[in-house]
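Student: What shape does this take:
(chains A and B)
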Amino acid sequence: MSIKPKIGIIACSGENKIGGTLSRAAARIVVEKLRPDNTIILCQPLFMAGGLERHGGQEERDFAKTHPTITIEGCEEECAKIAVSNYSGPPAATIYVEEIMKKYPELQPKSKRELGVNGMKLAEKIAEEIAKKVDELYNK
Amino acid sequence: MDNKKVYILPCSGIGKVFGSIGREAAYIVVEELAKDKAKIECLPLIVKGKKEIIEILKANKVIVIDGCPMQCSYNDVIKAVGKVDAQFMSTDVVKECRNLKPESQIIPIGENAKKLSRILAEKIALKVNELMEENQGGGK
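Tutor: Predicted coordinates:
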């Protein structure tokens, strides 16, 4: 039996829009509940620059160079995708949270700080789409 | 009228709960304790090089909140903006309050993590007041 490499999930760490909060919640749901055996969280702040003098972020960047990585974007700025592309090469896939939000207008999150019941339901929906993408990549 | 604010940049990392404690503390400051004085800003956009945000941060006081020794927010802001006016580590509050062991769950954070966030937020709010006084006095 061959062991397949894990898939990296890197979520937007932004605070400008609700999409940032949703992207992080969805990423945690995928890694903790939906696909715990196939995925691993990569910390975006660490990936971008943190502790580079101690090679802190390098570990995340090296992982993304050698493993398929999915970026979860909280807004149109695509910060996670740009970071991965700059330091590790193009990500295997990118999920745009705002596009998924449009599919569920009835699920309005409470606030950026706290998603609330509907916001968490929306995060679950986003997580399901991420999990589908994980399966696609994992079964390639 | 003086429009100066204190800008708060939490790392918002989701690898461990400490990033989430810092993030929650930032929201308590900007939404409750120092509502008209402080504002959250988006770390990834700064790393991306968003000029208008970088210029605002250069012209105002900046507090960073980090959740691990990698100090991503501090390092990112120093690199992009060239200065940080105060830094807080959520791990310091955890060490100070041994009776409040933070739960490992991140979304949503647990009750102890919430209490720790509020303790941290109170410290940050005091610093916001100090920095605002410096702003008004034309200090450093």
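
Student: pLDDT weak spots in chain A?
Tutor: Where chain A drops to pLDDT under 70, the residues are A:1-3, A:50-56.

Student: and if you look at chain B?
Tutor: For chain B, applying pLDDT under 70 flags the ranges B:1-2, B:138-140.

Student: hmm, 80 instead?
Tutor: Residue ranges of chain B with pLDDT under 80: B:1-2, B:136-140.

Student: what about whichever residue of it sits closest to chain A, distance to B:Val84?
Tutor: Residue nearest to chain A within chain B (Cβ to the nearest Cβ): B:Cys72, separated by 2.8 Å. Heads up, the C-betas are built off the backbone N, CA and C, glycines and all. Note on B:Cys72: its distance to B:Val84, by Cβ to Cβ, to the nearest Å, is 12 Å.

Student: When these two are compared, which one has more neighbours?
Tutor: Neighbour count, other Cβ atoms under 10 Å in any protein chain shown: between B:Cys72 and B:Val84, B:Cys72 has more, with 31 against 19.

Student: Thought B:Leu9 was touching the more buried one, still the case?
Tutor: No - counting by Cβ atoms under 8 Å, B:Cys72 stays clear of B:Leu9, with 9.9 Å between them.

Student: shared neighbours of the two, anything?
Tutor: B:Leu43 (Cβ atoms under 8 Å, 6 or more residues apart in numbering or on different chains).

Student: May I ask which helix or strand encompasses A:Lys125?
Tutor: Assessed by DSSP states H and E, A:Lys125 sits inside helix A:116-138.

Student: Please name every helix or strand in contact with that helix.
Tutor: Helix A:116-138 sits against strand A:7-11, helix A:18-29, strand A:69-73, strand A:93-96, helix A:97-103, with contacts defined as 3 or more Cβ pairs under 8 Å, 6 or more residues apart in numbering or on different chains; DSSP states H and E.

Student: gap between it and the chain center?
Tutor: How far helix A:116-138 lies from its chain's middle: 10 Å, per Cα atoms, centre = their mean, to the nearest Å.

Student: likewise stretch A:10-18?
Tutor: Put simply, stretch A:10-18 sits 10 Å off its chain's centre (Cα atoms, centre = their mean).

Student: end-to-end on that stretch?
Tutor: End-to-end distance of stretch A:10-18: 17 Å, with Cα to Cα, to the nearest Å as the criterion.

Student: Just list the residues touching the nearest residue to A:Gly116 once chain neighbours are set aside, thanks.
Tutor: Distances taken as Cβ to Cβ, 6 or more residues apart in numbering or on different chains place A:Lys110 nearest to A:Gly116, at 3.0 Å, with adjacent residues excluded. Applying Cβ under 8 Å, 6+ apart, we find A:Lys110 in contact with A:116-119.

Student: nearest to A:Gly89, of these?
Tutor: Top of the list for closeness to A:Gly89, among those and by Cβ to Cβ, is A:Gly119 at 32.9 Å.

Student: and the closest one, how many neighbours does it have?
Tutor: Per other Cβ under 10 Å, the neighbour tally for A:Gly119 reads 20.

Student: Buried residues in the longest helix seen in chain B, which are they?
Tutor: With DSSP state H setting the assignment, residue counts place helix B:111-137 as the longest helix in chain B. In terms of neighbour count (16 or more other Cβ atoms under 10 Å in any protein chain shown), helix B:111-137 has its buried residues at B:112-117, B:119-121, B:123-125, B:127-128, B:131-132, B:135.

Student: Next up, phi/psi of the residue nearest to A:Gly116, please.
Tutor: Dihedral pair for A:Lys110: phi -70, psi -50, per degrees, to the nearest 10.
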